[in-house]
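Student: Sequence and predicted structure are below.
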Amino acid sequence: MQQDDAKQKSKFKWVKGIAAAILVPGLGVPVTKLVESHYDVSVFSPAMAGLWSLMRGVGDWLNLTAPIYVWEFLVVTVSAGVLGAFGVGTLLYSRLEIRAAKAEQDKAFAKAREVIARLKTVSAELDDAKLELNATRKSLEATDLELKATYVKISELKAPESPPLTKDQDNVIAAIAAYDNEGENCSTRDFPAHIGLTLLEADGAMDVLEAMKLIAFEYYNGQRYVTLTAKGRAYVLRPDFVMLSLFQRGKR
């Protein structure tokens, strides 16, 4: 009988040892490390000391004699508690990781929205700049047209259009054209009598025509002759110009 009690006590001691090995390292050390890693140790030191005293009390209590089924139930319960605590801790840690990842994702989305807003602002500024450039270009084109028109007016003022010829000047250039048309040399002394002008009147008309670059003088054999220039030929070839027929009617 005493041997049976001794065997039962030895079994109880073996179970107690297992339970103590599970409870003390399994609960005391991880809990202490977990708390120390997340919180200030100085705040939780009294609590840790009390927890350690509780664990030692549990260890002393485990040395008490109890039926085997009690120890088996206690081991299963403690093991389930440890596994449950580990599962809960893992779940909480996963949730913390998910929250941290979500926070980082929210920050990234916020930065992306900020960048998109800046890009939209820059795009709007570029559109405004394009509109301003187009308006400036149109303004420059209008200014260029005005400048060209001004240049034309200045050119007209510098070289005004020749005034219309008088009747005597028209007759003189017509007589010179008639000589050129016949291939005859037009002497400045001979042709005035054919158109009813004096030498003085003819010379005055030829001075004007020479200044307008319609006629040119030639000198040879001591005589002065006159002929049409290219500009003069263009003048007498106009449809509205009336040519004289000096040689058909006979020289007057």
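Tutor: Ah, there it is.

Student: Going along the chain, name the helices of the stretch 1-150 of the chain.
Tutor: With helices called from DSSP state H, counting those that start in this stretch, the stretch 1-150 of the chain shows them at 2-23, 29-38, 41-62, 68-158.

Student: what does the average pLDDT come to for the shortest one?
Tutor: I take that to be helix 29-38. Mean per-residue pLDDT for helix 29-38: 51.

Student: Do you know the pLDDT at residue 10?
Tutor: 51.

Student: ugh, wrong one, residue 173
Tutor: At residue 173, the pLDDT recorded in the model is 93.

Student: Mind telling me what element it is part of?
Tutor: Per DSSP states H and E: residue 173 is located in helix 167-182.

Student: partners of the helix or strand following that helix, with directions?
Tutor: With elements assigned by DSSP H and E, the helix or strand that comes after helix 167-182 is strand 186-187. Its sheet considered, strand 186-187 pairs with strand 223-228 (antiparallel) by DSSP bridges.

Student: What residues sit buried inside whatever helix or strand comes next after the partner strand?
Tutor: Downstream of strand 223-228, the next assigned helix or strand under DSSP H and E is helix 230-236. For helix 230-236, a neighbour-count test (16 or more other C-beta atoms under 10 Å) marks 232, 235-236 as buried. C-beta here means a position set from N, CA and C on the backbone, and glycine is covered the same way.

Student: how about those in TSV, adding distance to residue 52 and pLDDT?
Tutor: Compiled in TSV, these are given as follows (distance: C-beta to C-beta, whole Å; pLDDT from 0 to 100):
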residue	distance to residue 52	pLDDT
232	131	92
235	129	91
236	134	91
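
Student: Show residues contacting the helix holding residue 173.
Tutor: Contacts with helix 167-182, where a contact means C-beta atoms under 8 Å, 6 or more residues apart in numbering, come from 165, 185-186, 191-192, 194-197, 201-202, 204-206, 208-209, 214-215, 226-228, 232-233, 235-236, 241-247.

Student: now that helix, how far from the centre of its chain.
Tutor: Relative to the centre of its chain, helix 167-182 is centred 70 Å away, using C-alpha atoms, centre = their mean, to the nearest Å.

Student: distance of residue 171 from residue 230?
Tutor: Separation of residue 171 from residue 230 (C-beta to C-beta, to the nearest Å): 21 Å.

Student: same check, this time on residue 151
Tutor: From residue 151 to residue 230 the distance is 26 Å (C-beta to C-beta).
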